[in-house]
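Colleague: this one's sequence-less:
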């Protein structure tokens, strides 16, 4: 029995060896976390931003991103082309676009809507050509070769005046695009 007590005492003494400070230092050392290299950013966070500024007037530039990482475009509404298209029933909204991202923009400008003074709305008339279109009515490719200019056509209901145009790139929903006041 004395042997058993001696073994128990030795076990307690051996288990109790060490300093309190060592245990606390180990517990307070934070676990390493994943970090980016200095100057790096999360690429998706950089490119998936809302339009900046969110709205503007004719002549103002809005920076927009697409649904693909790397697509970033500076878009300026430069004016209106009244009663254009294959008949007088169309409105052309003139745009200048410059790619500022790391990816080429390849898509159509289908996600565009004009709101008129009578409360009606018209989506982009994709595939309808006018003298100001310059390829904006079909599949576009905008890279780093400088700005491109053209117009997007919208059906015009009678004498209604255009009030706003909202445009989003690629598959972004129209309501997440930039807004220009046209009137």
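Modeller: Perfect, I can see it now. Here the structure is a predicted model, which is why all the values come from computation and not from measurement. Numbers count the residues shown, from 1 in each chain.
Colleague: show me where the chain has strands.
Modeller: For the chain, applying DSSP state E gives strands covering 55-57, 61-65, 72-84, 90-99, 105-107, 112-116, 121-123, 140-142, 148-155, 162-167, 178-181.
Colleague: Relative to residue 134, which of the ones you listed is closest?
Modeller: Residue 134 sits nearest to strand 148-155 of all the strands of the chain, at 3.2 Å, using Cβ to Cβ. All C-beta spots, glycine's among them, are computed from the backbone N, C-alpha and C.
Colleague: Just want the angle from that closest one to strand 112-116.
Modeller: 50 degrees (axes from the mean of the first three to the mean of the last three Cα atoms, to 10 degrees).
Colleague: among the strands of the chain, which is nearest residue 45?
Modeller: strand 61-65 (10.9 Å).
Colleague: how about a markdown table for the strands of the chain, with mean neighbour count, mean pLDDT and distance to residue 49 added?
Modeller: Formatted as a markdown table, the strands of the chain follow (neighbours: other Cβ atoms under 10 Å; pLDDT from 0 to 100; distance: least, Cβ to Cβ, whole Å):
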| stretch | mean neighbour count | mean pLDDT | distance to residue 49 |
| --- | --- | --- | --- |
| strand 55-57 | 13 | 97 | 15 |
| strand 61-65 | 20 | 95 | 5 |
| strand 72-84 | 18 | 91 | 8 |
| strand 90-99 | 22 | 95 | 15 |
| strand 105-107 | 17 | 89 | 15 |
| strand 112-116 | 22 | 97 | 19 |
| strand 121-123 | 16 | 96 | 24 |
| strand 140-142 | 16 | 88 | 18 |
| strand 148-155 | 22 | 94 | 22 |
| strand 162-167 | 20 | 97 | 15 |
| strand 178-181 | 20 | 97 | 12 |
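Colleague: need those in TSV with distance to residue 47, can you?
Modeller: Below are the strands of the chain laid out as TSV (distance: least, Cβ to Cβ, whole Å):
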stretch	distance to residue 47
strand 55-57	20
strand 61-65	5
strand 72-84	6
strand 90-99	12
strand 105-107	12
strand 112-116	21
strand 121-123	26
strand 140-142	15
strand 148-155	20
strand 162-167	17
strand 178-181	15
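Colleague: Could you tell me the phi and psi values at residue 161?
Modeller: Phi and psi for residue 161, reported as degrees, to the nearest 10, are phi -90, psi 140.
Colleague: how about it, what does it touch?
Modeller: 116-117, 183 (Cβ atoms under 8 Å, 6 or more residues apart in numbering).
Colleague: beta partners of residue 75?
Modeller: Taking DSSP bridges as the rule, residue 75 bridges to residue 62, residue 97.
Colleague: Out of the contacts of residue 161, which is nearest to residue 172?
Modeller: Using Cβ to Cβ, residue 116 comes nearest to residue 172 of these, at 22.9 Å.
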